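Participant: Provided below are the primary sequence and the corresponding predicted coordinates.
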Amino acid sequence: MENIEQSCTFCSIVAKDIPSEVVYQDEQVVAIKDANPQAPVHVLLIPREHNLESLNDASKLDLSLMGHLLYTAAKVANQLDIAESGYRVVINTGDASGQSVAHLHVHVLGGRHLAWPPG
Ligand code: AMP
Ligand code: ZN
């Protein structure tokens, strides 16, 4: 686990070893601006702990964290003024989804019309 954390981009962001633009943080999660935004508002909610590499690792022990992530997504959307216009909450999971960082995270996207179905 230690080696994984040392080489994990999001653990480095949480530890402030890699700079990021933090828009919200609390005891469980850090919310940052995505470095390669796909919409005018594109935030990543990153759990401080590297317990879960993806949604596939979530168990009943993680229900509180999972609920907190969704609650925080809505809170950040409100803070960034996209709650009324609408936004999308995404958890890429595994290769076919394009997940590129193996530290569970939630995307919050908004500020423009988002096509459906996604690509
Ligand atoms: P995913 O493809 O779901 O794993 O999402 C990973 C996201 O992390 C991508 O949208 C990247 O643009 C973003 N990302 C990677 N490195 C950084 C970084 N150092 N700071 C901010 N966002 C990052
Ligand atoms: Zn990590």
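Facilitator: All right, it came through fine. None of these values were measured; they are calculated from a predicted model. Residues are numbered from 1 along each chain as shown. Ligands and ions are numbered 1, 2, ... in the order given.
Participant: Which strand runs longest in the protein?
Facilitator: strand 41-47 (DSSP state E).
Participant: name the helices or strands packed onto it?
Facilitator: In terms of contacts (3 or more C-beta pairs under 8 Å, 6 or more residues apart in numbering; DSSP states H and E), strand 41-47 is packed against helix 9-14, strand 29-33, helix 63-79, strand 106-110. C-betas here are computed from N, CA, C, even on glycine.
Participant: Any buried residues in stretch 100-109, and which?
Facilitator: Judged by neighbour count (16 or more other C-beta atoms under 10 Å), stretch 100-109 contains these buried residues: 101, 102, 103, 104, 105, 106, 107, 108, 109.
Participant: filter the residues you listed by proximity to ligand 1?
Facilitator: residue 101 (C-beta under 6 Å from any ligand atom).
Participant: which of the buried residues of stretch 100-109 lies closest to ligand 2?
Facilitator: Ligand 2 lies nearest to residue 103 out of the buried residues of stretch 100-109, by C-beta to the ion, at 3.4 Å.
Participant: just checking, the closest one touches residue 12?
Facilitator: No - Residue 103 is beyond contact range of residue 12, at 9.9 Å (criterion: C-beta atoms under 8 Å).
Participant: Export the buried residues of stretch 100-109 to CSV and append columns for distance to ligand 2 and pLDDT.
Facilitator: Converted to CSV, the buried residues of stretch 100-109 look like this (distance: C-beta to the ion, whole Å; pLDDT from 0 to 100):
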residue, distance to ligand 2, pLDDT
101, 8, 98
102, 7, 98
103, 3, 98
104, 9, 98
105, 9, 98
106, 14, 99
107, 16, 98
108, 19, 99
109, 22, 98
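Participant: Appreciated, that's everything.
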